[in-house]
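K.L.:
Provided below are the primary sequence and the corresponding predicted coordinates.
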Amino acid sequence: MMGVRTASASVWALGLALALLIPLFGTPMMIDVAFRICSLVALAVSWNLMASAGLISLGHSAFFGLGAYAAILTANLAGAPFWLTLVVSLASGALLGSGIALITGRMRGIYFAITTLAMSEGLRVIAVMLPDLTGGAKGAYLASKSFPGATYINFAMGAVAVGTCLIAWALSRSRYHFAFRAMRANEHASQMLGIYPLKYRVAITAISGSLASLAGGVEVWHGGYLDPALAFDLHITITSQIAPILGGLYTLSGPVLGAIATILLGDATRISLGHIQGASLLVFGMVLVVCVLYLPQGIRGGLSDFFRRRSANAAPSGVSTRPADVARP
Amino acid sequence: MSALLKLENLKVGYGQSVILQDVSLSVNEGEIVCLLGANGAGKTTTTRAVSGLLTPWSGEVRFAGADIAAVPAHKRVDLGICLAPEGRQVFPNFTVHENLLLGSYSGAARPHRAKKFDEVYGLFPRLAERRSQAAGLMSGGEQQMLAIGRALMGCPRLLVLDEPSLGLAPKIIMDVYEAVATIAKRGLSILFVEQNVQAALTIAHRGYVLANGRIAVSGTSAELKNAAHVQEAFLGKKISLSATGEVKPGSVATSTH
């Protein structure tokens, strides 16, 4: 259906164009929300990349935190400019990603997930234990002489989000997409077809890790302060998987929609119920449960069901025998 | 005829336990060879050693003259060893077409993709009909055809089939066997594992019988059909032999069921 594809492409383009205006003309609150959405888009798309290859990460905060520390340390100790610290962030994430892929070897599923969780906690403890370098639990302030300006940093986070989506899109169009899906379905069988799983594992964790680290790097320039609890916050890990699950796993647009929904929902409940201790989180959690129950394919799946039903009413067509997992945005 | 695949004194196992001891067998160019044996005899282990999923403890795996014992599984596909594994292992969430596409993922197979699609869809019209259906929604027989088709997409010189008749209705088994025979007529070498002795020997040129991790007996299909050893290895029983060494008619049939 060409019509739907062009329509959704133009909706995305329009949304992107409008989003570009926010750092210039938006209110401080709009800018703040947009910044956090962009950060979560990068994390969610990155998490979804690994999940697409059957690698469930419970340690995305490890990439995020390492990237943040890489940026603040190169800025403070070496006096590196903004963009250079981001290159270091990117490289550190790629290194950690490929490292974890090599160390875990053939570990899959829950074993891989536990390892990533431990990695994040381990890095947090290391950051606390090295006060001379990281400032320890007290944290550290970014002390750069070449601060590029808030608008510049906001655009940088936007660029990271868009770049992450472009990489995911490019991968989804390439033949590697099939290798990743095959690995997720059955790593053994994929090997029998001439796919070397380790190669793709290292590649996807390196790409995914570097993107998450990049988001961490920009975030530290935005906040100007970093401590281990902030860098390796479990909340980062959780939201970076809630967003793709809420939006639609293994799809391109799912994590983006999920990130937008997660941030907006979180803010809405906090603003409306923030005065009652814990109530906002409770409602946020209940909304998530309802979404998972009634939108098992995520927001993206719900939307495409809705449009399919509408077009089916207009002109009945053949029933698709492809399961939702096969669907591509 | 030169040997395309040659296993020599192969010893393979998992962890501490030895599964195959001293297994030697060969598959010549253009030949169909079947590997028979009871449950736990080591048939699947042999196919794993051939396709590289297991590394032999000792012994040689020679393919087209070269020792490939150290070549990893994914590279053996490039050499031309393609496996349709036990239990089919198709990707259930992929469509039929995508499963086949994955079969030609290896660098060596990719240039021949279009030709191979024609060949596989010609061989299994059923797959062509169902090309956009998810593989997990197909019947066992169709999935087996898909598993064989997927292996063919990898441009094999040696096709390894692990129990293609597993869990299939007798009528479907004959369809699958017919397809295997057709593939073989086109000059491909085939090594296949079976429990279904009678069916296997009707299409194989030669056969080996595995028992307790060793080759108990080997020979041409005609020889094996009559050999007492085959019955023994399968039924686990001594059967009465006539003075000429031939199986007495009726003695097997009564002890099978």
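P.N.:
Right, received. Where do you want to start? Just so it is clear, the model here is predicted, and its values are computed rather than measured.

K.L.:
So, low pLDDT: which residues of the stretch 51-200 of chain A?
P.N.:
Across the stretch 51-200 of chain A, nothing is flagged by pLDDT under 70.

K.L.:
Looks to me like B:Lys6 is in a strand.
P.N.:
Yes. Residue state for B:Lys6 (DSSP: H, G, I helix; E, B strand; the rest coil) corresponds to a strand.

K.L.:
these two touch, right, it and B:Glu29?
P.N.:
No. Using Cβ atoms under 8 Å, B:Lys6 is not in contact with B:Glu29, being 11.9 Å away. For every residue, glycine as well, the C-beta is placed using N, CA and C.

K.L.:
Of those two, which one has the most company?
P.N.:
More crowded of B:Lys6 and B:Glu29, by other Cβ atoms under 10 Å in any protein chain shown: B:Lys6, with 19 against 15.

K.L.:
Nearest residue to A:Thr262 in space, ignoring adjacent ones along the chain?
P.N.:
Leaving aside its chain neighbours, A:Thr262 sits nearest to A:Ala243 (4.8 Å; criterion: Cβ to Cβ, 6 or more residues apart in numbering or on different chains).

K.L.:
Helix or strand with the lowest mean pLDDT in chain B?
P.N.:
Least confident helix or strand of chain B, by mean pLDDT, DSSP states H and E, is helix B:253-256 with a mean of 36.

K.L.:
re earlier: from the contact counts, what lies against the one helix or strand the residue nearest to A:Thr262 maps to?
P.N.:
Element membership for A:Ala243, per DSSP states H and E: helix A:234-247. Contact here means 3 or more Cβ pairs under 8 Å, 6 or more residues apart in numbering or on different chains; DSSP states H and E; on that basis helix A:234-247 packs against helix A:28-52, helix A:60-78, helix A:109-129, helix A:253-273, helix A:279-294, helix A:298-314.

K.L.:
Point out where chain B drops to low pLDDT.
P.N.:
B:1, B:229, B:232-257.

K.L.:
Specify the local secondary structure of B:Leu20.
P.N.:
Under three-state DSSP, the three-state class of B:Leu20 is strand.

K.L.:
wait, isn't it in contact with B:Lys43?
P.N.:
No. Between B:Leu20 and B:Lys43 there is no contact, the gap being 9.7 Å when judged by Cβ under 8 Å.

K.L.:
What residues does chain B have near chain A?
P.N.:
Those residues of chain B that sit near chain A, judged by Cβ under 8 Å from any Cβ of the partner chain, are B:51, B:53, B:72-75, B:77-78, B:82-83, B:85, B:89-95, B:98, B:101-103, B:105-109, B:132-134, B:136-137, B:150, B:154.

K.L.:
tell me the contacts of A:Ser10?
P.N.:
By Cβ atoms under 8 Å, 6 or more residues apart in numbering or on different chains, the contact set of A:Ser10 is empty.

K.L.:
That one: which element?
P.N.:
Residue-wise, A:Ser10 maps onto helix A:2-25 under DSSP H and E.

K.L.:
how about B:Thr46, what does it touch?
P.N.:
Residues near B:Thr46 by Cβ under 8 Å, 6+ apart: B:7, B:10, B:12, B:20, B:23, B:25, B:35, B:193, B:210.

K.L.:
Return the member of these nearest to chain A.
P.N.:
Closest approach to chain A among the contacts of B:Thr46 (Cβ to the nearest Cβ): B:Val193, at 14.6 Å.

K.L.:
Contacts for the helix or strand hosting that closest one, please.
P.N.:
Using DSSP H and E, B:Val193 falls within strand B:189-194. Strand B:189-194 has contacts (Cβ under 8 Å, 6+ apart) with B:4-5, B:27-36, B:43-44, B:46-47, B:50, B:86, B:157-165, B:180, B:183-184, B:200, B:204.

K.L.:
Quick one: buried ones out of those residues?
P.N.:
Buried by 16 or more other Cβ atoms under 10 Å in any protein chain shown: B:4-5, B:27-28, B:31-36, B:43-44, B:46-47, B:50, B:86, B:157-165, B:180, B:183-184, B:200, B:204, out of the contacts of strand B:189-194.

K.L.:
about what we covered before: next, count neighbours for the residue nearest to A:Thr262.
P.N.:
Look at A:Ala243: counted by other Cβ under 10 Å, it has 28 neighbours.

K.L.:
Can you give me the separation between it and A:Ala91?
P.N.:
Distance of A:Ala243 to A:Ala91, computed by Cβ to Cβ, to the nearest Å: 25 Å.

K.L.:
now the most centrally placed residue in chain A, nearest residue through space, not along the chain?
P.N.:
Nearest to the mean C-alpha position of chain A, by Cα atoms, centre = their mean, lies A:Leu43 at 1.7 Å. In space, and not counting its chain neighbours, A:Leu43 is closest to A:Ser240: 3.8 Å by Cβ to Cβ, 6+ apart.

K.L.:
Thought A:Leu49 was touching the one you found, still the case?
P.N.:
No. If you go by Cβ under 8 Å, A:Ser240 and A:Leu49 don't touch, sitting 11.1 Å apart.

K.L.:
Which positions in the stretch 101-250 of chain A make contact with chain B?
P.N.:
Contact residues (Cβ under 8 Å from any Cβ) of the stretch 101-250 of chain A with chain B: A:175, A:178-179, A:181-182, A:185-186, A:188-196.
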